[in-house]
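>>> Pasted the sequence and its predicted model underneath.
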Amino acid sequence: LKHPRTGELLLYDDKGTFIGVDGILLDLGISSHQIDKAERGFAFMKDGPLDMRMWGGEWDNQANEFQDGDTGDFHFVANKNEASGGITAAHICNEFTQEEISRLLKVYGDEPRARKIAQSIVDARPLSTTGDLKEAVAMVVPEFAKKGRRMGRTATLARVFQALRIVVNEEDAVLRDAFEDMAPALIRKGGRLVVLAYHSMEDRASKRVMRDGFVDGSRRRGGTQRDIYGNEIIETEGKNARPWKVLGKKQKARAEEVELNPRARSATLRVGERL
């Protein structure tokens with residue numbers, strides 16, 4: 001890692017010995033600037049191309065083929081950089097099987113109606129805009145639900161769009177690399193890893209990595225051991241060695257913070273100390 005202007009090596013002392021950093025803050029939220037741009041395809045409140053790639057692709061409104069003449073409706077066309085630009089949300093909705101769509105909605109969105117929504121998406125093909133996807137979801141999800149807001153249409157759409165975005169951008173793999181490889185390698189002993197997560201998948205990964213060192217819960221190291229006073233015994237060497245010690249409990253945004261920034265209501269903060 002080098003300084004962008006001077007070329008000086010960073011994270012090393014004068015003798016060239018790696019010294020690491022005192023802490024890393026991982027803010028896992030998506031930029032509001034991206035969500036608010038209809039042409040990026042992240043938001044269901046605005047109609048736009050069903051894209052969702054973080055790097056934006058090469059979508060050009062002027063190059064779109066319009067449906068029904070000059071109505072101004074988006075029509076999905078092949079991206080100029082599609083071969084190297086990865087899949088889009090439209091690819092998933094139009095080419096994945098019902099079972100594959102159902103699984104990703106369940107895994108990455110915690111969506112209780114995953115199977116019904118996946119079938120509705122398949123039945124509605126071809127989908128080319130965020131509006132098309134919104135209509136497919138509306139076919140099987142009521143606007144308001146008796147079981148509470150979580151089962152209503154707005155909350156459901158948020159989970160569906162989240163799941164597609166995660167798969168399109170391979171966020172789970174990037175998160176795993178950051179948690180299991182990057183953070184332990186860069187943060188020196190006694191340093192802090194601070195994570196701001198905004199949905200359940202991210203927070204579960206944050207909780208597991210600080211507890212076990214792994215994102216995957218099935219790889220959990222031996223159960224918690226305590227001394228005669230009830231204090232947790234943390235192994236720092238051997239096969240059950242853990243890279244982190246959890247500091248305090250998870251924290252949520254206060255009411256005053258949510259009032260200033262409504263999107264902070266879903267944020268969860270966790271802190272770990274490097275062992």
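Structure's in. What do you need? Residues are numbered from 1 along each chain as shown.

>>> quick one: the strands in the stretch 1-150 of the chain?
21-27 (DSSP state E, counting those that start in this stretch).

>>> what bits of the chain have low per-residue confidence?
1-10, 56-85, 217-240 (pLDDT under 70).

>>> Where is the longest helix in it?
Ranked by number of residues, the top helix in the chain under DSSP state H is helix 153-168.

>>> can you list contacts of that one?
With contacts defined as Cβ atoms under 8 Å, 6 or more residues apart in numbering, helix 153-168 is touched by 30, 42-44, 52-53, 86-89, 92-93, 104-105, 107-111, 113, 117, 130, 133-134, 137-138, 141-144, 149, 171-172, 199, 201. Using the backbone N, CA and C atoms, a C-beta is placed for each residue, glycine as well.

>>> what do you get if the cut-off is 7 Å, keeping everything else the same?
Residues outside helix 153-168 that contact it (Cβ atoms under 7 Å, 6 or more residues apart in numbering) are 42, 44, 52-53, 86-89, 92, 104-105, 108-111, 113, 117, 134, 137-138, 141-143, 149, 172, 199.

>>> Of these, select the buried ones using a PyMOL command.
Buried residues among those (16 or more other Cβ atoms under 10 Å), as a PyMOL selection:
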select buried, resi 42+44+52+53+86+87+88+89+92+104+105+108+109+110+111+113+117+134+137+141+172+199
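
>>> Tell me which of the contacts of helix 153-168 fall in helices.
89, 92, 104-105, 108-109, 117, 134, 137-138, 172.

>>> Taking these together, which two end up most distant?
Within the ones in helices among the contacts of helix 153-168, Ala138 and Asp172 form the most distant pair, 27.6 Å apart (Cβ to Cβ).

>>> For the longest strand along the chain, list the C-alpha coordinates in PDB.
Counting residues, the longest strand in the chain under DSSP state E turns out to be strand 187-197. Output of strand 187-197 as PDB, limited to C-alpha atoms (Å, rounded to 0.1, in the frame of the first residue of the first chain):
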ATOM      1  CA  ILE A 187      -5.200  -4.600  12.400                       C
ATOM      2  CA  ARG A 188      -2.500  -5.000  15.000                       C
ATOM      3  CA  LYS A 189      -3.000  -6.500  18.400                       C
ATOM      4  CA  GLY A 190      -5.200  -4.300  20.600                       C
ATOM      5  CA  GLY A 191      -6.700  -2.600  17.600                       C
ATOM      6  CA  ARG A 192     -10.400  -2.200  16.800                       C
ATOM      7  CA  LEU A 193     -12.700  -3.500  14.100                       C
ATOM      8  CA  VAL A 194     -15.900  -1.400  14.000                       C
ATOM      9  CA  VAL A 195     -18.700  -2.500  11.700                       C
ATOM     10  CA  LEU A 196     -21.800  -0.700  10.700                       C
ATOM     11  CA  ALA A 197     -24.300  -3.200   9.200                       C
END
